[in-house]
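In: need the 3D shape of this:
(one chain, ligands or ions: 1)
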Amino acid sequence: MATAKRKHIVAGNWKMNKSYDEGRDLVKSIVENLQNTDVMVILCPPFIHLYNAHAKTNDMANLFIGAQNCHQEVSGAYTGEVSAEMVKSTGASFVILGHSERRAYYNETDELIGQKVKAALANGLQPIFCCGELLEVREAGKHEKLVEEQVKKALFDLDEVDIKKVVIAYEPVWAIGTGKTASPEQAQEMHHHIRQLVDKKYGKAVAEGMSILYGGSVKPANAKEIFAQPDVDGGLIGGASLKSADFLAIVDSF
Ligand code: 13P
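Out: Predicted coordinates for the structure are as follows:
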């Protein structure tokens, strides 16, 4: 089990799912059924739900709201985009950045993701920074090197105050939405590697305090085994976050 020093986190990435009414119902069901827990629960719905989700969960000590993206610029003529400041103004506390779907479909580079991380932090949002390798990279044995580059390029020019606000999510791309989970050993190995990188750059206290989440086909049936790894501090949940019972069962896995 991960050490008590670190926050256990279960975050739900709804991706592009749920109409306004459906999202409101899902938030309601999670609020009504969430047991008293030490786990930090973060709901990351599409932008249209942020304000309502925050309003309905504002008085809950362990439930926070996050967006799935923000723009790197402060404001201006960027049709269709949403700034970090605008996300923050809804009451959200977190923002997922660097998700593999944004890297793949919207050509987000490590450099751009680094800019978004800074925009988020400058506006009081905590980044949930995603990293992870494609299957061919793992098969070529280059997964640790690739994740190392992703982490270093997007995060390692932050100062010590800011790096402490970052949550890292390791999401092997081959495990996202495929039903294939990384084995608990594969997850542990990469999480340990990431923590060592943070240790080398920022020191032991920062590394030991950082929550590192695993994402990729986490379900109620496999969450316990994955969360039991010493360097796995929780999960970033896609598909299984869309049903209140499944999501809450994953929260209960701690
Ligand atoms: P799934 O849980 O659906 O595999 O998605 C994981 C993910 O991408 C969370 O950000």
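In: ok, for residue 33, nearest residue in space, not its chain neighbours?
Out: In space, and not counting its chain neighbours, residue 33 is closest to residue 248: 5.6 Å by CB to CB, 6 or more residues apart in numbering. All C-beta spots, glycine's among them, are computed from the backbone N, C-alpha and C.
In: looking at this, residue 95 is in a helix?
Out: No - using DSSP: H, G, I helix; E, B strand; the rest coil, the secondary structure at residue 95 is strand, not a helix.
In: returning to that earlier point: for the host helix or strand of the residue nearest to residue 33, name the packing helices and strands.
Out: For residue 248, the host element (DSSP states H and E) is helix 244-251. Counting contacts by 3 or more CB pairs under 8 Å, 6 or more residues apart in numbering; DSSP states H and E, helix 244-251 is packed against strand 9-13, helix 20-33, helix 220-227, strand 234-237.
In: tell me which of these sits most buried.
Out: Per residue and on average, the most neighbours among the helices and strands packed on helix 244-251 fall to strand 234-237, with a mean of 28 (mean count of other CB atoms under 10 Å).
In: what helices and strands are in contact with it?
Out: So strand 234-237, by 3+ CB pairs under 8 Å, 6+ apart, packs with strand 9-13, strand 212-215, helix 220-227, helix 244-251.
In: got the ones you listed as CSV, with distance to the ligand and mean pLDDT columns?
Out: Listed next are the helices and strands packed on strand 234-237 as CSV, based on distance: least, CB to the nearest ligand atom, whole Å; pLDDT from 0 to 100:
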stretch, distance to the ligand, mean pLDDT
strand 9-13, 4, 98
strand 212-215, 4, 98
helix 220-227, 11, 97
helix 244-251, 10, 98
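In: what's the neighbour count on whatever residue of the stretch 101-250 of the chain ends up closest to the ligand?
Out: Proximity of the stretch 101-250 of the chain to the ligand (CB to the nearest ligand atom) peaks at residue 238, 2.2 Å away. Counted by other CB atoms under 10 Å, the residues lying close to residue 238 total 21.
In: so what's it closest to, chain neighbours aside?
Out: Distances taken as CB to CB, 6+ apart put residue 13 closest to residue 238, at 5.3 Å, once the chain neighbours are dropped.
In: quick check, the one you found in contact with residue 99.
Out: Yes - contact criterion CB atoms under 8 Å: residue 13 and residue 99 qualify, at 7.4 Å.
In: which neighbours do the two have in common?
Out: residue 68 (CB atoms under 8 Å, 6 or more residues apart in numbering).
In: show me which residues of this protein sit near the ligand.
Out: 13, 99, 171, 176-177, 215-218, 236-240 (CB under 6 Å from any ligand atom).
In: number of residues surrounding the residue nearest to residue 33?
Out: Other residues close to residue 248 by other CB under 10 Å number 20.
In: need the contact list for it.
Out: 30, 33, 34, 35.
In: ok, the residue minimising distance to the centre of the chain - contacts?
Out: Taking CA atoms, centre = their mean, the centroid of the chain lies closest to residue 128, which sits 4.0 Å from it. Residues in contact with residue 128 (CB under 8 Å, 6+ apart) are 11, 42, 44, 66, 94-97, 167-169, 213, 236.
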